[in-house]
Each structure stands twice: as structure tokens, then as C-alpha cells.
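Visitor: Kindly generate the corresponding structure for this input.
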Amino acid sequence: MSKIPSKQFLLLPILFIFSITTTFAEEINKNPHKQTDSKNVIIELNEPEAPLDLKWLVQEATEHNPEIIAAQKRLNAAKAKITQAKSLDDPSIRAGSYDMSNSPININGQTEMLQQRYSVSQKIPFPGKLRLKGEVAVEEANITEREWQSKIQEIIALIKSTFYELHYINNAIDITEENRDLLRKFTKIAATKYSVGKTTQRDVLAAQVELSTLANNMIVLNKEKESLIARLNTLLDRPTQTPLGKPRPFKKHILNLTIKELEDIAIKNRPELKKYDHAIKREEATLKLSKKDYYYADFEPMVEYMQEDKRSDTWASAFTINVPWFWPKNRSKVKESKEELNAVKSDYRFANNKTLFEVKDYLIKVQS
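Guide: Next up is the predicted model:
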């Protein structure tokens, strides 16, 4: 009687899933808008006997998974903010009409004297502030891009782990069915021997109990299979009841890398660490901007044109600056930026240590 195979082989791909950016994910990163014609493939996979291909599953998920699409849209939105951050505020235009009849400067005693005024002003940040705002927006977009890449890897990991588990469940179902067939034959033989007095009733009952146990196991396995298929369909943004074929056979990968090599690969490629790299750069730029906001004033030049009924037109100009060091809020803003920078650096150290631990942990599980 055959035994259900171990789940140990399922752990092997997981290390690569979490630590290495998959080839397909890199391709998507290079060309995120690449589309493929998968209509014929979907029709084929609706046939129960059609093999289920892992590469196709990954491709479909990266193109249609709602979480990946949402992350892509957030990335597009973050990139659109860069131009906004680097631009000046809108200029202000003012127009007004003033009754100057009773004004002290109405020397000639003229009546019904009106003055029209038109002015234009523009707020101009101290040199360097717009550049720093642009740097903050760029790093924010880079963080969003790493989150998008991380989401792609997360979905691919779920696709792969579900695919391998479905492969295991299908094998378990096949082996359980073989065992049930053998046990049915054994039960018939035991019943025949019992009828002629060559065996005891205990042997017949034991065989029947074992047969009932296998029947229950088959029910559980089929429920697990149904759940796994529903999970795959959900990841592909398809109805949960969409039929899927059996997973296509695959080769096991032999892990020939040392622990140090695996750690280096994980540190180099993990999007979470790259995200914190950009977060540190963002907070450094934010700190520089906070210091400029505290030490350096912004400007607002204004030009005004005045038109009167019985006098020559005149021009006026004004120059306004803010006083950032008057209230303590900007000093507190500098302190806030320093604390945020230190917090992100601590987050990076934790993520780095967590990555090294997970490499070691998964390697132990694979080797055990």
C-alpha cells in the first residue's frame, strides 16, 4: 500500500520566492504595460484534463490580480505628484475699484474720482526648497514602486505555494484512491475467508474500518483541493468555481548556494529593504527642507497698476517675506524630521535582521 508523499518538497521554492525577485517579476518591472493574449489558454484550462502551467498562472496573476493593479495605480499617482511638488504656487491676481472722492489726497476737490487697481503677486520659496520638495516626491514615488514590486512578489509567492500544494493534494488523492482499491480487494478476500471459516470477523471489521477512514480522508482531500482551486481563481481575479486542470509536473530544484550567498542575494534583491533605502533618502531630504523652512524666509513680490479718472496712471511694487523664526512651530518641525529619520533607520535595521533570520529559518526547514 502506497503512502501519501511528504510536504517537505513544498518548502524548497519558498526561499527563492521571498528572497529573489523572480524573473517574471523583473520582466513586468521593465515592461509593466506588456499584454499577452491568453484567451485561448483560458479556454484550454477550462477543460478539466488540461494541465495547469505555473508560468501561465504567474503571468495571469501579474496582469489581472486586483492588488497588483491597485499598487500600479498608486505608483502612477505618486509619479504624478513629482511635477506638482517641484512647481511654484499659482500666482495671484487682484483687481479692485476705489472711491477716492473723500480721500485726503484729493487736493483738487474733484468729485466722483474713481481709482482702478490691478495687481499680480507670486510666492517664491527660498532657493533650494523646491528642489528638496522634488527630491521628497521622487523618493516617495520610489517607495511606492518598491511596494508595487513587493506586491508582485507576494502574489507570485501565493500562486507558487498554492500550485505546489495543489500538486501535492492531487498526488495524495491519486494515492488514496489506489489504496482504497487495494483495500476493497483485501476486504472482499477477508469476507470470503471469513465465510469459509479461514479468518476471524475481527480482520473483516478492521479492513472495513480502514476503508471507511480512507473514504473520510478522500472527502477531506477533495475539500482542500476545492479550496486551493478557489484561492488560485481569486488570485487571478476569476470566479472561484472556474475549473482548473491538474498542475503540470515540475522538476525539483537543488539548492547549491551557501548560507552567505543566500543572505547576500536576499539583502540585495528584497524590495522591502530597497523601500527603506528610499525612505531614508526621503527623510534626509525632508530634514534639509525643514531646516530651510526654519532658517530662510520665502518671498512674495507684487506689482500693482493704478488707473484714475483725471490723473496719470501710476505703478507700485511691494516685496513681502515671511518670518519663519518668530513662532516655535518650524523649530519643532526640524525636531520631528530628525526623529522620523532615526525611526526609518531603525526600521531598516529590523527589516535587514528579519531578512537574515528568514533566510536561515527557511534553509533549516528545507534541509530538515
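
Visitor: Surely residue 303 is in a strand?
Guide: Yes. Assessed with DSSP: H, G, I helix; E, B strand; the rest coil, residue 303 lies in a strand.

Visitor: tell me the contacts of it?
Guide: 119-121, 315-317 (C-beta atoms under 8 Å, 6 or more residues apart in numbering). C-beta: built from backbone N, CA, C; applies to glycine.

Visitor: let's go with 7 Å and repeat that
Guide: 119-120, 317 (C-beta atoms under 7 Å, 6 or more residues apart in numbering).

Visitor: Just give me the longest helix of the chain.
Guide: Longest helix in the chain, counting residues (DSSP state H): helix 129-195.

Visitor: re earlier: now the contacts of residue 303 in JSON lines, with neighbour count, pLDDT and secondary structure?
Guide: Putting the contacts of residue 303 into JSON lines (neighbours: other C-beta atoms under 10 Å; pLDDT from 0 to 100; DSSP: H, G, I helix; E, B strand; the rest coil) gives the following:
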{"residue": "119", "neighbour count": "17", "pLDDT": "95", "secondary structure": "strand"}
{"residue": "120", "neighbour count": "13", "pLDDT": "96", "secondary structure": "strand"}
{"residue": "317", "neighbour count": "9", "pLDDT": "93", "secondary structure": "strand"}
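
Visitor: per-residue confidence averaged over stretch 256-270?
Guide: Average pLDDT, stretch 256-270: 92.

Visitor: Give the ranges of residues in the stretch 51-200 of the chain that sit below the confidence cut-off.
Guide: 100-113 (pLDDT under 70).

Visitor: Which single one of the contacts of residue 303 is nearest to residue 58?
Guide: residue 120 (56.9 Å; C-beta to C-beta).

Visitor: pretty sure the closest one is touching residue 91, no?
Guide: Yes. Counting by C-beta atoms under 7 Å, residue 91 is a contact partner of residue 120 at 6.1 Å.

Visitor: Give me the contacts around stretch 82-95.
Guide: 118-124, 130, 133-134, 136-138, 141.

Visitor: Pull out the buried residues from it.
Guide: 82, 85 (16 or more other C-beta atoms under 10 Å).

Visitor: that older thread, now, the most widely separated pair of the contacts of stretch 82-95?
Guide: Farthest pair in the contacts of stretch 82-95, by C-beta to C-beta: 118 and 141, 39.7 Å.

Visitor: These two - which one has more neighbours?
Guide: Looking at residue 118 and residue 141 with other C-beta atoms under 10 Å, you find the greater number of neighbours at residue 141, namely 22 against 13.

Visitor: can you give me the helices for the stretch 201-350 of the chain?
Guide: 201-235, 259-269, 271-295, 329-367 (DSSP state H, counting those that start in this stretch).

Visitor: Can you spell out which helices and strands pack onto the first one?
Guide: Helices and strands touching helix 201-235, by 3 or more C-beta pairs under 7 Å, 6 or more residues apart in numbering; DSSP states H and E, are helix 129-195.

Visitor: One more pass at 10 Å, please.
Guide: Secondary-structure packing of helix 201-235 (3 or more C-beta pairs under 10 Å, 6 or more residues apart in numbering; DSSP states H and E): helix 54-64, helix 66-86, helix 129-195.

Visitor: Equivalent analysis for the third one, please.
Guide: The elements that helix 271-295 packs onto, with contact taken as 3+ C-beta pairs under 10 Å, 6+ apart, are helix 129-195, helix 259-269, helix 329-367.

Visitor: could I get the helices and strands packed on helix 201-235 as CSV with distance to residue 345?
Guide: Below are the helices and strands packed on helix 201-235 laid out as CSV (distance: least, C-beta to C-beta, whole Å):
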stretch, distance to residue 345
helix 54-64, 32
helix 66-86, 22
helix 129-195, 14
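
Visitor: TSV for the contacts of residue 303, including distance to residue 242?
Guide: Formatted as TSV, the contacts of residue 303 follow (distance: C-beta to C-beta, whole Å):
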residue	distance to residue 242
119	66
120	62
317	71
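
Visitor: Just the closest of those residues to residue 77, please.
Guide: Of the contacts of residue 303, the one sitting nearest to residue 77 (C-beta to C-beta) turns out to be residue 120, at 32.1 Å.

Visitor: mind checking how far the closest one is from residue 314?
Guide: From residue 120 across to residue 314, the span is 16 Å (C-beta to C-beta, to the nearest Å).

Visitor: Same question for residue 339.
Guide: 52 Å.

Visitor: what does residue 217 give?
Guide: In terms of C-beta to C-beta, residue 217 sits 97 Å off from residue 314.

Visitor: Kindly report the same for residue 247.
Guide: Using C-beta to C-beta, residue 247 is found at 84 Å from residue 314.

Visitor: Of those two, which one has the most company?
Guide: Looking at residue 247 and residue 314 with other C-beta under 10 Å, you find the greater number of neighbours at residue 247, namely 23 against 12.
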